[in-house]
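**Q** Coordinates only, no sequence provided:
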Ligand SMILES: Nc1nc(=O)c2c([nH]1)NC[C@@H]1CN(c3ccc(C(=O)N[C@@H](CCC(=O)O)C(=O)O)cc3)CN21
Ligand SMILES: CC(C)C(=O)C(=O)O
Ligand SMILES: [Mg+2]
């Protein structure tokens, strides 16, 4: 069963695995509506896979809002989480609360922001304002310049401190990205809120992937994703087939057009 409430989401820890995907548009969210997926993330990865930006740093609040709106219009039964884009929460608590609040006004059920101890006080002020917050530790792509790439994050002590700080601040769940599986396991056993992993192994409370990677749509697929389909190739083949059919006069055929009667 899809999960719409934060409480139900949290109750899954230690019982059922939580499964999430990103989605950025109405049509995809309509398809997801009919599935048993638990949650949808309108991730800032949309900047790279939907908009062609070089990284997620170029993503604006308006980008997130426009895609969030299209997902919300699909009215999915799944929990909708929206990413806080780069520079929408770093400067002040006021920015963080106002921008997160804006995403809730547009129909998100919760927001996600990147960081551990650095953002813990912002997380608690957002929680005080009534905003459900999902944390995100390990590889935080908004800091790829500082990290020096999309590297695996190895500092176990810092990762555990980050997870604990977010739990204490009131986060309802934490994404762990590109971290050794045994460290993610330790974090999962240490905290009482669900861990949702991407590139952090199987010992987590849930898994999340970018939907383009699952479907084989992207030009680059990270090592931790598994393309269950090669949709890119299917689309290419289909477009070439259509083009050939038009050129050969096979499309449109009788059922695809109408003639006036008596002509
Ligand atoms: N399509 C897509 N899928 C994603 O999961 C994703 C995005 N885009 N864009 C935003 C971030 C970037 N992500 C990435 C991208 C690359 C690696 C990667 O290749 N890591 C390698 C190389 C690291 C290096 O040395 O630069 C690794 O071994 O960890 C990991 C996560 C995850 N996110
Ligand atoms: C990969 C997930 C966790 C994310 O933050 C995104 O898609 O932006
Ligand atoms: Mg993101």
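**A** Done, it's in. The shown structure was predicted, so the numbers you read here are calculated from the model rather than taken from an experiment. Ligands and ions are numbered 1, 2, ... in the order given.
**Q** Near the closest residue to ligand 2 within the chain, how many residues? Count them for me, please.
**A** For the chain, the residue closest to ligand 2 is residue 43, as judged by Cβ to the nearest ligand atom, at 2.4 Å. For the C-beta atoms, the positions are set from N, CA and C on the backbone; glycine is no exception. Close neighbours of residue 43, defined as other Cβ atoms under 10 Å, add up to 31.
**Q** so it makes contact with residue 80?
**A** No - checked against Cβ atoms under 8 Å, the pair residue 43 and residue 80 is beyond contact range at 11.5 Å.
**Q** Excluding chain neighbours, what is closest to the residue of the chain closest to ligand 2?
**A** residue 22 (4.3 Å; Cβ to Cβ, 6 or more residues apart in numbering).
**Q** Ok, residue 164 next?
**A** residue 191 (6.5 Å).
**Q** tell me the contacts of that neighbour?
**A** 163-164, 167, 174 (Cβ atoms under 8 Å, 6 or more residues apart in numbering).
**Q** And the helices in the protein?
**A** With DSSP state H applied, the chain shows helices at 6-11, 26-33, 46-49, 61-73, 93-105, 120-128, 144-147, 156-169, 181-190, 211-215, 231-247, listed in chain order.
**Q** which one of those is the most hemmed in?
**A** helix 46-49 (a mean of 23; mean count of other Cβ atoms under 10 Å).
**Q** For residue 153, give me its contacts.
**A** For residue 153, the contact set (Cβ under 8 Å, 6+ apart) comprises 137-139, 147, 159, 177-179.
**Q** Quick check: the farthest pair among these?
**A** 147 and 159 (13.5 Å; Cβ to Cβ).
**Q** and this structure, which residues reach ligand 2?
**A** Within the chain, the positions near ligand 2 by Cβ under 6 Å from any ligand atom are 22, 41, 43-45, 83, 175, 177, 198, 208, 210.
**Q** what subset of those is also close to ligand 1?
**A** 45, 210.
**Q** how about JSON lines for the residues of the chain next to ligand 2, with distance to residue 130 added?
**A** Below are these laid out as JSON lines (distance: Cβ to Cβ, whole Å):
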{"residue": "22", "distance to residue 130": "25"}
{"residue": "41", "distance to residue 130": "21"}
{"residue": "43", "distance to residue 130": "23"}
{"residue": "44", "distance to residue 130": "23"}
{"residue": "45", "distance to residue 130": "27"}
{"residue": "83", "distance to residue 130": "19"}
{"residue": "175", "distance to residue 130": "21"}
{"residue": "177", "distance to residue 130": "27"}
{"residue": "198", "distance to residue 130": "27"}
{"residue": "208", "distance to residue 130": "24"}
{"residue": "210", "distance to residue 130": "29"}
